[in-house]
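J.: The sequence and its predicted three-dimensional model are supplied below.
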Amino acid sequence: MSAQPFDVEPTTLPGFTPWPEEFAARYRALGYWSGVGLYQRLAQVAAQYPERTALVCGERRWSYAYFDEQVRRFAAGLARIGIGRRDRVLLQLPNLAEHYVACHALFRLGALPVFALPAHRRAEIGYFVEHARIRACVIADRDGGFDFRDLMREVRAAQPCLREVIVVGEAQEFTAFDSLLDEPIEQALPDASEVAFLQLSGGSTGVPKLIPRTHDDYFYSVRASAEICGLGPDCVYLCALPAAHNFPMSSPGALGVFHAGGCVVLARQADPESCFALIARERVTWTALVPSLALAWLESRALARYDLSSLRTIQIGGAHLAGDIARRIPATFGCRLQQVFGMAEGLVNYTRDDDPEHVVLSTQGRPISAHDEIRVVDDEDNDVADGEVGHLLTRGPYTIRGYYRADAHNARAFTADGFYRTGDRVRRLASGHLIVEGRAKDQINRGGEKIAAEEVESHLLEHPAVFDAALVAMPDRWLGEKSCAFVVLRPRADDAPPMAPRDLQRFLRERGIAAYKVPDRVELVDALPYTAVGKADKKALRARFASPVAAISQSPISSPLPLSEAQS
Ligand code: OOB
């Protein structure tokens, strides 16, 4: 009797697009894919440097030995409640040591963390839970005045697949994080070619996309990044951005620091005062910021009050860095600037320490790997010459070949031969450095936080009074970009109350979308301009902000902090 197909365990996670075998073989032969898993690397470092400080979180100071023990304990507790290989577990934690414990415990088990941001709310979390069939969520009790247990109650009522909610802090009816710190047990590690986690895409479509990254591909990017950035056991990294984001996680980020045996200092808040105090206290040597946060730090009056002389490098990435801000960073902080242009889908570019100053100031760096394949193409996918602007396509040893469970979208987001269409418009210099000139994707980059226009528009269209809507970026001094929704209302019955822009903003908040996605401004218009093919003409809408007077006079007061904490 032969086994039925459904009895056979699939060799990879269903919904994951692997690299074609010839590429996988090449990346292995080159030693890029080393077969070492993400937990395994932490265990190696903990054996090498048991006494060194791995993590500083508030007043807690953990050695590598202690950190690794916490990971093994939590992995044992997760196994006890039935979490195992390929189960998906959503992590939505602020910058706490438990974030790294949870993700490494899941790496050890071969279960997959799904990295949500603290700003996400019912709409996003509910979607991730349903789409990735999440078994458990790990949350904090409260953060920034928000109670994540209430959010979980709502999500769980709608999603029966969600069986466990694990809470750092006061668990109430849920499972306390600390109650899962069991005695460590022997556990078989997953194969490094397996998917290690699902990361979130900035997105440009109606629903967010999930990015499957394998141990092999991710650890390669971490290792190579740590080498490019010269990390050693003496590095002290301030994690000021949300720890779950790809930039502070792996470029080289916290995983790069753990790989090198250095120390990660977690900042609970990204504001200048809190971060300067940590830099001075812990003698922090480097950090990663988005441009809007760098600007807030540069403009802070607290600068003069702290000794920041330990800083050697500030990395800037995630959004366009204006030339004047770039110049002020080394001048003000007395340290090196490194530009980073990366994406959760894979490709990461860095300026290098030996690049001439004008290259560091004016380019977004060059790829990590000699095997990152870069194409810059016109609208018909023909390559353009170096120095000309075109669409950036890429393929390589740590760039995905497909989003998780998204076949129809994958057909558009990747070329037939596996290049990822980044949606960014770039110029490549003869040296290989890239300059980001803009983007073709329908996305707003709000201080590094990405907003898919279509996602917000589809929420707006759910309002019975809305006939049409288009979300576009408008310039902002602090965040680089903010969002403006142009909305056409349906004809109103004579007795219906008038609709104000803030009613629509409230409607979106009540639908449970992250605060950073709620349009900063709503313009009610009689009609949208359309292109020849009948789509909203966003170029024409954006042009309405071309005059700085219009942008400044009508924009609400800007907040200098990019991260959601500033808006919640
Ligand atoms: C990083 O990752 P994501 O996935 O949040 O966003 C990726 C997108 C890029 O496609 C590009 O549109 C934009 O963010 N971006 C930049 C940039 N770095 C990213 N645009 C202009 N200049 C830059 N330096 O944002 C990310 C991931 C890893 C490392 C660094 C950033």
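T.: Cool, got the structure. Numbers count the residues shown, from 1 in each chain.
J.: Count the residues that sit near residue 53.
T.: When neighbours are defined as other C-beta atoms under 10 Å, residue 53 has 19 of them. Quick note: C-beta positions are derived from backbone N, CA and C, even for glycine.
J.: Not counting its neighbours along the chain, what's nearest the closest residue to the ligand within the stretch 301-450 of the chain?
T.: Distances between the stretch 301-450 of the chain and the ligand by C-beta to the nearest ligand atom are smallest at residue 342, namely 2.6 Å. Computed as C-beta to C-beta, 6 or more residues apart in numbering, the closest residue to residue 342 that is not its neighbour in sequence is residue 348, at 3.6 Å.
J.: would you list every one of the strands in the stretch 101-250 of the chain?
T.: 112-115, 136-140, 142-143, 146-147, 164-168, 175-176, 195-200, 210-214, 236-239 (DSSP state E, counting those that start in this stretch).
J.: so can I have JSON lines of these showing mean neighbour count and distance to the ligand?
T.: Converted to JSON lines, these look like this (neighbours: other C-beta atoms under 10 Å; distance: least, C-beta to the nearest ligand atom, whole Å):
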{"stretch": "strand 112-115", "mean neighbour count": "24", "distance to the ligand": "11"}
{"stretch": "strand 136-140", "mean neighbour count": "26", "distance to the ligand": "21"}
{"stretch": "strand 142-143", "mean neighbour count": "18", "distance to the ligand": "21"}
{"stretch": "strand 146-147", "mean neighbour count": "16", "distance to the ligand": "22"}
{"stretch": "strand 164-168", "mean neighbour count": "22", "distance to the ligand": "25"}
{"stretch": "strand 175-176", "mean neighbour count": "16", "distance to the ligand": "31"}
{"stretch": "strand 195-200", "mean neighbour count": "24", "distance to the ligand": "8"}
{"stretch": "strand 210-214", "mean neighbour count": "25", "distance to the ligand": "8"}
{"stretch": "strand 236-239", "mean neighbour count": "26", "distance to the ligand": "13"}
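J.: In JSON lines: the ones you listed, plus mean pLDDT.
T.: Below are the strands of the stretch 101-250 of the chain laid out as JSON lines (pLDDT from 0 to 100):
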{"stretch": "strand 112-115", "mean pLDDT": "98"}
{"stretch": "strand 136-140", "mean pLDDT": "98"}
{"stretch": "strand 142-143", "mean pLDDT": "98"}
{"stretch": "strand 146-147", "mean pLDDT": "98"}
{"stretch": "strand 164-168", "mean pLDDT": "98"}
{"stretch": "strand 175-176", "mean pLDDT": "98"}
{"stretch": "strand 195-200", "mean pLDDT": "98"}
{"stretch": "strand 210-214", "mean pLDDT": "98"}
{"stretch": "strand 236-239", "mean pLDDT": "98"}
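J.: what residues does the host helix or strand of the residue nearest to residue 342 touch?
T.: Applying DSSP states H and E as the criterion places residue 348 in strand 346-350. The contact list for strand 346-350, computed with C-beta atoms under 8 Å, 6 or more residues apart in numbering, reads 217, 221, 225, 228-229, 250-251, 338-342, 364-368, 372, 394, 396, 398-400, 420, 422, 433-434.
J.: 6 Å instead?
T.: For strand 346-350, the external contacting residues (C-beta atoms under 6 Å, 6 or more residues apart in numbering) are 228, 251, 340-342, 364-368, 394, 398-400, 434.
J.: so where's the chain shaky on pLDDT?
T.: 1-8, 547-568 (pLDDT under 70).
J.: the longest helix in the chain is where?
T.: The longest helix of the chain (DSSP state H) is helix 64-80.
J.: The residue nearest to residue 342 and residue 449: what is the separation?
T.: 18 Å (C-beta to C-beta, to the nearest Å).
J.: likewise residue 411?
T.: Counting by C-beta to C-beta, the gap from residue 411 to residue 449 is 27 Å.
J.: who has more neighbours, those two?
T.: A direct count of neighbours by other C-beta under 10 Å for residue 411 and residue 449 places residue 449 higher, at 26 against 11.
J.: hmm, back to that, correct me if wrong, but the residue of the stretch 301-450 of the chain closest to the ligand is in a strand.
T.: Yes: under DSSP: H, G, I helix; E, B strand; the rest coil, residue 342 sits within a strand.
J.: mind listing the strands in the stretch 401-550 of the chain by residue range?
T.: For the stretch 401-550 of the chain, the strands defined by DSSP E, counting those that start in this stretch cover 420-428, 434-439, 443-446, 449-452, 466-476, 480-489, 521-524.
J.: Now the strand holding residue 348 - C-alpha only, CSV.
T.: Coordinates of each C-alpha in strand 346-350 appear next as CSV, following Å, rounded to 0.1, in the frame of the first residue of the first chain:
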residue,chain,number,x,y,z
GLY,A,346,17.0,40.5,1.1
LEU,A,347,19.4,42.8,-0.6
VAL,A,348,21.4,45.1,1.7
ASN,A,349,23.9,47.8,0.6
TYR,A,350,26.4,49.5,2.8
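J.: In stretch 178-191, which residues are buried?
T.: By 16 or more other C-beta atoms under 10 Å, the buried positions in stretch 178-191 come out as 180, 181, 182, 184, 187, 189, 190.
J.: Spatially, what comes nearest to the fourth one if we skip its sequence neighbours?
T.: In this case it means residue 184. Leaving aside its sequence neighbours, residue 184 sits nearest to residue 72 (C-beta to C-beta, 6+ apart; 3.6 Å).
J.: Next one: that neighbour from the ligand, what distance?
T.: 29 Å (C-beta to the nearest ligand atom, to the nearest Å).
J.: Measure how far stretch 507-516 is from the centre of its chain, please.
T.: Computed by C-alpha atoms, centre = their mean, to the nearest Å, the chain-centroid distance of stretch 507-516 equals 19 Å.
J.: Can you give me the end-to-end span of that stretch?
T.: Using C-alpha to C-alpha, to the nearest Å, the end-to-end distance of stretch 507-516 comes to 14 Å.
J.: buried residues in that stretch?
T.: For stretch 507-516, by 16+ other C-beta under 10 Å, it's 507, 508, 512, 513, 514, 515, 516.
J.: quick one: that stretch near the ligand?
T.: No: Stretch 507-516 stays clear of the ligand (C-beta under 6 Å from any ligand atom), getting no nearer than 12.3 Å.
J.: Is it possible to get CSV of the strands of the stretch 101-250 of the chain that adds distance to residue 124?
T.: Output for those, formatted as CSV (distance: least, C-beta to C-beta, whole Å):
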stretch, distance to residue 124
strand 112-115, 11
strand 136-140, 12
strand 142-143, 16
strand 146-147, 14
strand 164-168, 16
strand 175-176, 23
strand 195-200, 9
strand 210-214, 11
strand 236-239, 22
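J.: Can you say which of those is nearest to residue 522?
T.: strand 146-147 (23.6 Å; C-beta to C-beta).
J.: which residue does the stretch 1-150 of the chain bring closest to the ligand?
T.: residue 117 (10.0 Å).
J.: May I ask you to confirm that that residue is in contact with residue 242?
T.: Yes: between residue 117 and residue 242 there is a contact under C-beta atoms under 6 Å: 5.5 Å.
J.: So between these two, which is more surrounded?
T.: With neighbours defined as other C-beta under 10 Å, residue 117 and residue 242 compare such that residue 242 has more, 24 against 19.
J.: and the more buried one, what does it touch?
T.: Shown in contact with residue 242 (C-beta under 6 Å, 6+ apart): residue 117.
J.: same question, residue 421
T.: By C-beta under 6 Å, 6+ apart, residue 421 lies in contact with 393, 413.
J.: and with 10 Å instead?
T.: 345, 375, 377, 381, 391-394, 412-415, 440-441 (C-beta atoms under 10 Å, 6 or more residues apart in numbering).
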